[in-house]
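>>> This is a predicted model, with the sequence first.
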Amino acid sequence: MKAPQPSAGLRTISEYLPLEGLPIPVAILRADRVAYANPALTALLGMSQEALSQLSMSDLLSRFVPKDQAWLEPRYQSQARHLQAAPTDLWLHVRGVGGKERTFHLRIHGGPGPGEQTVVLVDAQDEDSMHQLISALVIAASEMMVCQNEQEVLERALDAISAQGFFASIMHVRQDAFVYGPVRHDPEAIKLIERLAGQPLSAIRYPRDSTPYLDNLIHQRKATFHPDLNALMRRFFPAELAEFHERKHPGLKSLDVPLFVEGQPYGVLSVKGGSLTLMSTATLELFAQLMSGALENVRHHQRAQERLAEVTRLQNELVAHERLTVLGEAAGVVAHEVRNPLGAILNATALLKREERLSAVGHSAVTMLEEEAIRLEDIVRDLLDVVRPFELRPRLVHLGDLARHTVTLLQPVAEATQAHVSVEEEAELPPLQADETLMQLALSNLVRYALRSSPPGGTVRMVLARADPGFSIAIEDQGASLTHTDTQRFFEPFFTSRNNGAGLGLAVVRRVVLAHGGEIKASERPGGGARFEILLQNVGRT
């Protein structure tokens, strides 16, 4: 018994599986029929494989190659009757979806089976479009290598792809989910996605186990080309979204490329367009690798900056430690040599002030002598505070009470400078675990500095508030604005922005704050003046 002969219709897709993923249109001809058409060809022509298999060669030519039918059909018939050799290299005008004609370079090769021919169509517009695409992506790649952050890399990459007429998007891998990064897509499609999800695009999260297609891209570490994106969307996306795309963007193809940075999954670059070709997909895959390299470059640059900042910090700390060591030795000598004479001077001025025979001029001179001696004593005390080791005795302290007590203590300074201090406290502020004496010293020095910097009638504002993970103490004055140099060096010993300052009070503040594990920052107050902010952690009750 004879074995049954294969039909002239379609054979099983598995026999042509290697052709399924090709981004260029391919057909297998047997006798006078299409035995197989890959997805790229069915998407180009807008017909299914089954429908194509029902058309004769004459039908195919009249329907899809009408401009060239007059000269092409006689040659095909002559070849079928063996009157002349079959053409193997042709240029044709092919009518695709929507009636749009495109020029293709058609090449005919031997088929995979007996009596079969393989027909390959290469878009003739590829050369110009590829030149433009390559030029644009080369420029974008050079720009990406000097980007300062990852977002800038992604934005520039997608801008370059979008400028070539493609839709493009990034899906980030965030632990167990995919989230949207930058997107260059149809605004109507974005609105539809947001409406279906019930939230903005940036807030949408797709669990990895619910998106097997994207998850497989990451696991396989290979790009995937889809010659018929709408068929893919009908499988994996809501029907309304798939129908919208098929109606508004027929014939779309897509390329999805997994991105890896430093060997770890970063996300997926998706490019969609009707003009994606074999050459353009290969170019875009290479560009995706350059994107990964640019992202790695950003991270290396950031780590280098962090290391440089850490080295600079350690150097500054070493210099500061050495300076404090020398300063401590000098402070001990100063305390011994200056405090005793100062005590004698202050005792003498106290006696002279009680002298009834002292004239008005003499009384004024004694008062001035006493004020200068007190100022010198304050400098000596601040000098010792800068260098002496602190032994914290923490207990629960209410910042509001501490701030108000500070204002009371500095009332004479406020009266002398004709400035006012206001305290603003957040409601129900919990207590802070701190050394009350040292915190009082720090606040007093800051408020004193602010009062002396403020103009007559000015206001010093103290704001107490929660600041994760602890507290914020902000003090603002209305004095002269700070310069960049001021903010960098403000807390160094002996650095001062005032003509009559010693440059020690704020250095003491910094030591107190650091001893409590906190941070202090100086900045310019909006509208002029200085703003100091102390950030302290809430270590809890003991």
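On my side now, so go ahead.

>>> Could you list the low-pLDDT ranges of the stretch 201-350 of the chain?
Applying pLDDT under 70 to the stretch 201-350 of the chain flags the ranges 320-337.

>>> all helices for it, in order.
Using DSSP state H, counting those that start in this stretch, the helices of the stretch 201-350 of the chain run over 212-220, 229-236, 239-248, 278-353.

>>> Between helix 239-248 and the second one, find me the angle.
This means helix 229-236. For helix 229-236 against helix 239-248, the angle by axes from the mean of the first three to the mean of the last three C-alpha atoms, to 10 degrees is 170 degrees.

>>> And the contacts of helix 229-236?
39, 43, 211, 213, 226, 241-242, 245-246, 249-250, 252-254, 272 (C-beta atoms under 8 Å, 6 or more residues apart in numbering). For glycine as for every other residue, the C-beta is placed from the backbone atoms N, C-alpha and C.

>>> From the residues you listed, list the buried ones, please.
For the contacts of helix 229-236, a burial check counting by 16 or more other C-beta atoms under 10 Å picks out 39, 43, 211, 226, 241-242, 245-246, 249-250, 252-254, 272.

>>> In terms of helix, strand or coil, where does Val122 fall?
strand (DSSP: H, G, I helix; E, B strand; the rest coil).

>>> contacting residues for it?
Residues in contact with Val122 (C-beta under 8 Å, 6+ apart) are Ile24, Phe104, His105, Leu106, Arg107, Thr277, Leu278.

>>> In ChimeraX, how would I select the buried members of these?
Filtering those down to the buried ones (16+ other C-beta under 10 Å) takes a single ChimeraX command:
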select :24,104,106,277,278
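
>>> still on that earlier bit, in terms of distance to Val183, which of the buried ones among the contacts of helix 229-236 ranks first?
Lys272 (11.2 Å; C-beta to C-beta).

>>> Read off the pLDDT value for the closest residue to that closest one other than its chain neighbours.
Using C-beta to C-beta, 6 or more residues apart in numbering and skipping the chain neighbours, the partner closest in space to Lys272 is Phe167 (4.2 Å). What the model reports as pLDDT for Phe167 is 94.

>>> how close does Phe167 get to Asn230?
Per C-beta to C-beta, to the nearest Å, Phe167 is found 13 Å from Asn230.

>>> Equivalent analysis for Leu196, please.
Distance from Leu196 to Asn230, counting by C-beta to C-beta: 17 Å.

>>> Looking at the two, which is more packed in?
More crowded of Leu196 and Asn230, by other C-beta atoms under 10 Å: Asn230, with 20 against 13.

>>> contacting residues for Lys133?
If you look again at residue 133, you'll see it is Leu, not Lys. Taking C-beta under 8 Å, 6+ apart as the criterion, Leu133 is in contact with Gln164, Ser280, Thr283, Leu284.

>>> Let's see the pLDDT reported for it.
82.

>>> Which helix or which strand is home to it?
Using DSSP states H and E, the element containing Leu133 is helix 126-144.

>>> Distance from the chain centre to that helix, please.
When distances are taken as C-alpha atoms, centre = their mean, to the nearest Å, helix 126-144 is centred 25 Å away from the chain's centroid.

>>> Also compute the angle for it relative to helix 278-353, please.
20 degrees.

>>> in helix 126-144, what's buried?
Within helix 126-144, the residues that qualify as buried are Asp126, Ser129, Met130, Leu133, Ala136, Leu137, Ala140, Ala141, Glu143, Met144, counting by 16+ other C-beta under 10 Å.

>>> likewise stretch 95-103?
Neighbour counts over stretch 95-103 (16+ other C-beta under 10 Å) mark Arg95, Gly96, Arg102 as buried.

>>> ok, the residues you listed vs Pro207, which is closest?
The nearest member of the buried residues of stretch 95-103 to Pro207, counting by C-beta to C-beta, is Gly96 at 38.0 Å.

>>> Can I get the buried residues of stretch 95-103 in TSV including distance to Ser53, secondary structure and pLDDT?
Converted to TSV, the buried residues of stretch 95-103 look like this (distance: C-beta to C-beta, whole Å; DSSP: H, G, I helix; E, B strand; the rest coil; pLDDT from 0 to 100):
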residue	distance to Ser53	secondary structure	pLDDT
Arg95	19	strand	86
Gly96	19	coil	84
Arg102	23	strand	82
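
>>> Make TSV out of the residues you listed and add distance to Pro258.
As requested, the buried residues of stretch 95-103 are exported to TSV (distance: C-beta to C-beta, whole Å):
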residue	distance to Pro258
Arg95	36
Gly96	30
Arg102	31
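
>>> low-scoring stretches of the stretch 351-500 of the chain, by residue?
In the stretch 351-500 of the chain (pLDDT under 70), the answer is 378-379, 382-390, 483-490, 492-500.

>>> That one: helices as residue ranges?
Using DSSP H, counting those that start in this stretch, helices in the stretch 351-500 of the chain cover 360-387, 399-409, 411-417, 436-453, 484-489.

>>> Out of these, which one sits most buried?
Stretch with highest mean neighbour count among these: helix 436-453 (a mean of 22; mean count of other C-beta atoms under 10 Å).
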